[in-house]
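S.K.: just need the structure, nothing else, for what follows:
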Amino acid sequence: MWFVWNVLKQHHPSLSDIMGTTPAPDAQSSVDRVPTDIQVGDHEVVASAAASDQGIDHSNRDAFGLRLQQYYHQHAVNDTPFLLIAMRGDGVAAPSLDFSLFYDCVGKLLTRQDDWLVDVQNQRLIVLLSQSRPNAAQRFFARLKVRLLDAAPQQAQDYLHTVSAIVVPNGESFQNAEDFLAVALEEE
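M.R.: Model prediction:
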């Protein structure tokens, strides 16, 4: 599946390429979460308060797949928009980076309606932005850049160059949640 990521990466480069150098003017205003710790497998990851309040295990691929499939269904029936952002880290390129910090920054950006799947071991992260159109991706990345610069100013650029992303509006190009997850998580 590396080939799929490489092909997708040609169209959706590193976060640094996606975000550019200047965050959106309103990037900081909508970032206002207080994190709480949750357990993800054997790893501790900081998630948004909204996500942990719901008692959801964000490392459970099957449960996330079921929740994501509901969004596919709602889009098919009511044209309800949603946005998927699949991200992967390349720990080989930057072995000193602590990806739990990256997950923490992402988690703080999510609302109660959003969802995510965290695979710490394989450095994979899928974000589902509920009720979001494609232009929401740029705002999300701008806010993420602000978070990273605030949390780790010395390493922010390393994160931005090391993490690749693909953006999939309304699950397009994938028949269902299972097809999307198989590609995004590079399952064989």
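S.K.: low-confidence ranges in the chain?
M.R.: 1-54, 91-95, 188 (pLDDT under 70).
S.K.: switch to 80 and redo it
M.R.: Low-confidence segments of the chain (pLDDT under 80): 1-56, 90-96, 188.
S.K.: top helix in it by residue count?
M.R.: helix 61-78 (DSSP state H).
S.K.: now do the buried residues in that one.
M.R.: By neighbour count with 16 or more other CB atoms under 10 Å, helix 61-78 contains the buried residues R61, F64, G65, L68, Q69, Y71, Y72, Q74, H75. From N, CA and C alone the C-beta is placed, and that goes for glycine too.
S.K.: save the residues you listed as CSV, and put in distance to H161 too.
M.R.: Supplementary listing: the buried residues of helix 61-78 in CSV, determined by distance: CB to CB, whole Å:
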residue, distance to H161
R61, 27
F64, 27
G65, 30
L68, 28
Q69, 33
Y71, 30
Y72, 32
Q74, 35
H75, 33
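S.K.: quick one, what contacts the closest residue to R124 other than its chain neighbours?
M.R.: Excluding its sequence neighbours, the residue lying closest to R124 (CB to CB, 6 or more residues apart in numbering) is R88, at 5.2 Å. Each residue near R88 by CB atoms under 8 Å, 6 or more residues apart in numbering is listed here: W5, N122, Q123, R124, L125, V163, S164, A165, E186.
S.K.: show me where the chain has strands.
M.R.: 35-40, 43-48, 82-89, 115-119, 124-130, 163-169 (DSSP state E).
S.K.: partners of the longest one in the sheet?
M.R.: So the one you mean is strand 82-89. According to DSSP bridges, strand 82-89 forms sheet pairs with strand 124-130 (antiparallel), strand 163-169 (antiparallel).
S.K.: give the contact list for L84.
M.R.: The neighbours of L84, taking CB under 8 Å, 6+ apart as the test, are L68, I126, V127, L128, L129, V167, V168, P169, G171, F180, A184.
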